[in-house]
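J.: Below is the sequence, then the predicted model.
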Amino acid sequence: MAILMQCRRAALSLYFLGPSTRASFSTSTRWRAPNKSVAMEDFTCDLIRNFSIIAHIDHGKSTLADRLLELTGTIKKKEVGKNEQVLDKLKVERERGITVKAQTASMIHSFGGRKHILNLIDTPGHVDFAWEVSRSLAACQGALLLVDASQGVQAQTISVFHIAQERGLKIIPVLNKIDLPAAQPERIAAQMQSTFGTNPEDIIRISAKTGRGVEDVLQAIVERIPPPSGTTTSPLKAFLFDSMYDRYRGVISLVAIQDGILKKGDRVASCHTKKKYEITDIGILNPEEVPVTSLHPGQVGYIACNMKESSEAHIGDTLHRAGASVDPMPGFKPAKAMVYAGIFPIDTSDFPKLEESIKRLALTDRSVTIQRESSTALGQGCRLGFLGTLHMDVFRQRLEDEHDANIIITAPTVPYKIVYKDKEVYVSNPTEFPDSVDVSSKVKEVQEPVVKASIIVPEEYFGDMMDLCFSHRAEELEHKYLDAGTGTESRIMLNCIIPLSEIVTDFFDQLKSRSSGFASFDYEEAGYKPSNLAKMVFLLNGKPVDALALIVHRSHEDAIGKLWVKKLVKVIPRQMYEVPIQAAVGKKIIARETLSAYRADVTAGLYGGHVERKMKVLERQKEGKARMKRMGTVDMPQEAFFEIMSSKSK
Ligand SMILES: Nc1nc2c(ncn2[C@@H]2O[C@H](COP(=O)(O)OP(=O)(O)OP(=O)(O)O)[C@@H](O)[C@H]2O)c(=O)[nH]1
């Protein structure tokens, strides 16, 4: 169901969604609260709680966040059922109902007669954004583990639970959506007990939609989550866990203060870059910006400090007082691009504008990598690296929404490792992949990235899921029952090692359709494995067309080659001469189709004339065709390319 919902809402015609209207992120969506002031020095560590909500996609994180903001009076109460999702600020997030970029909100709440400050760090739900999840958790001491009472534990519930557990966070289990007729709180509580060892008595049952039970969550946050530790007397240490770009103020960073006090006007330095800055603005997000005079140990807030470039705000960095030196706090692994695609302007003269837009958008999305690329077929463009295909699609939509870009995006590829005798090279662009001649001579081995996948699915779909995995070259399959002994409702968790390239194409769609939407899926990197891969090129009239090259597994080369020449022959317009369309791996032609010529009737005007004359004209026509052929001028309009590229990525 989760995947079904995700796919429906994301309208997963993944790569070619129509452009929608403009929206913007960064500061135009952040606004300053008029006349609010908060005395931060009153909030000592024992009155602070820093927490996150973690869950599988769609289990209700943003809805619960809204209820918490309302209950604490941080935002006005809305009508029940109207889910505005205050923290989902990007247009793409609101449209698709998914959280992409983690947002932070501080709430002030009286408990036991004392005012507490509760810092909620919202996390995204989709597997592609796991990096954002671990980044958010780095600033927390506790997490609400939210599980939908009708769907139960899903693939990502398990992965976020492990991330939180590894970080030593206090986990508060919460069962959401108990208002749904399909809710089975007892059964799901038992499932949480068997999967995570949760004591059923610790589970809070709520409906984030109606607000039922949300008070208990608030109480548990204060009572069960440990306060942060830190002292005002130790040297300043501020952990930088997020940043955004503001057109007027430059980079705005979110920090969690470990020790010491940070004030406006302070001079700080970065452990990572060693650069020095002056704090020009400081405040908390409530959820709007509320300027404060200082931030104290355990507190979370924003700072502006004349950083011009987003790259200066290194996520996981420690800021300290300029001149003093401190041991940096442990950072975390930077995000790594797993899926690459070329982005080209539909109108080639738009490239400078497109490049500028991509760069500006990347300022708010630090996990995207950018490189220039040029293609004879598509002109000048950029090759971008993304965390996954949904991330890629979200970026594309934001380019269209926020920058009015009119683009074409090529089929996604993954980074392959080419092991030469003396070096290793990563290749994500099929045109750079060595020809198979090379593969046999200079190249020792080709490796491809693999992932450890887990699929949770009702037992009745288990066979289909096994077939799906095998047809996508899965290995090391194993499975276990999640609800042992509950008969027909049993669900199975299936784990396997699968090439990343297999899941960036149609895997999600097939998973969804073959399980009637009931399967949930998650994966994590599992390194590289040697693989029998080759570059497949397509030749039009004997000439290779770079933009169409593919990297294929040798076991699939015949099927892919045949499929593609059939597709090409349908979309390429007929020429004045016959055009062979071939798929080749190295020197070997795998498949061939022939596009027949238009036969312009040059003899039509020669009524009854001499046969020899007629033959001569036909001969000349043949010569003309041969010349055209020799020059290799296949007339292929851009639209044909677009059509091919779109079907290539499906
Ligand atoms: N009936 C019912 N629906 C709920 C409840 N909580 C959330 N929903 C609905 O479930 C859907 C998903 O809720 P969200 O809050 O967007 O879920 P999310 O976990 O933030 O989703 P991502 O950010 O994409 O991971 C929305 O349609 C909500 O209205 C609940 O307690 N009861």
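T.: Ah, there it is. All figures in this text were calculated on a predicted structure; none of them were measured in a lab.
J.: count of residues packed around the residue of the stretch 401-550 of the chain found nearest the ligand?
T.: Minimum separation of the stretch 401-550 of the chain from the ligand (Cβ to the nearest ligand atom) falls at S520, amounting to 12.1 Å. C-beta coordinates here come from the backbone N, C-alpha and C atoms, glycine included. The local packing of S520 (other Cβ atoms under 10 Å) involves 30 other residues.
J.: quick one: A304 and Q141, what's the gap?
T.: A304 is 26 Å from Q141, where distance means Cβ to Cβ, to the nearest Å.
J.: again with D558
T.: 56 Å.
J.: With Q582 instead?
T.: Taking Cβ to Cβ, one finds Q582 at 62 Å from Q141.
J.: re earlier: tell me which of D558 and Q141 has more neighbours.
T.: Higher neighbour count among D558 and Q141: Q141, with 21 against 14, using other Cβ under 10 Å.
J.: is it true that the more buried one touches R49?
T.: Yes: contact criterion Cβ atoms under 8 Å: Q141 and R49 qualify, at 7.1 Å.
J.: ok, then the element right after the helix or strand encompassing A559?
T.: Using DSSP states H and E, A559 sits within helix 557-571. Per DSSP H and E, the first helix or strand lying C-terminal to helix 557-571 is strand 579-585.
J.: still on that earlier bit, just the buried residues of the helix holding A559, please?
T.: Using 16 or more other Cβ atoms under 10 Å as the test for burial, helix 557-571 gives E557, I560, G561, W564, V565, K567, L568, V569, V571.
J.: swap in stretch 342-351?
T.: Buried-residue list, stretch 342-351, by 16+ other Cβ under 10 Å: G342, I343, F344, P345, D350, F351.
J.: is the residue of the stretch 401-550 of the chain closest to the ligand in a bridge, and if so with what?
T.: Beta bridges link S520 to I456 when assigned by DSSP bridges.
J.: joint contacts of Q141 and R49?
T.: Between them, Q141 and R49 share these contacting residues under Cβ atoms under 8 Å, 6 or more residues apart in numbering: I225, P227.
J.: low-scoring stretches of this protein, by residue?
T.: Residues of the chain that meet the criterion pLDDT under 70 lie in 1-35, 78-103, 122-136, 331-335, 376-377, 436-441, 484-489, 599-650.
J.: what's the helix or strand for the residue of the stretch 251-400 of the chain found nearest the ligand?
T.: The ligand sits closest to L390 of the stretch 251-400 of the chain, with a gap of 10.3 Å, by Cβ to the nearest ligand atom. Assigned by DSSP H and E, L390 falls within helix 389-403.
J.: by contact count, what packs against that helix?
T.: Using 3 or more Cβ pairs under 8 Å, 6 or more residues apart in numbering; DSSP states H and E as the contact test, the elements touching helix 389-403 are helix 91-96, strand 339-345, helix 351-362, strand 379-386, strand 407-409.
J.: In terms of helix, strand or coil, where does the nearest residue in space to D46 that is not next to it in sequence fall?
T.: Using Cβ to Cβ, 6 or more residues apart in numbering and skipping the chain neighbours, the partner closest in space to D46 is P227 (5.0 Å). Using DSSP: H, G, I helix; E, B strand; the rest coil, the secondary structure recorded for P227 is coil.
J.: wait, doesn't I343 sit right on F351?
T.: No: the criterion here is Cβ under 8 Å, and I343 misses it with F351 at 10.2 Å.
J.: list residues touching both of these two?
T.: G381.
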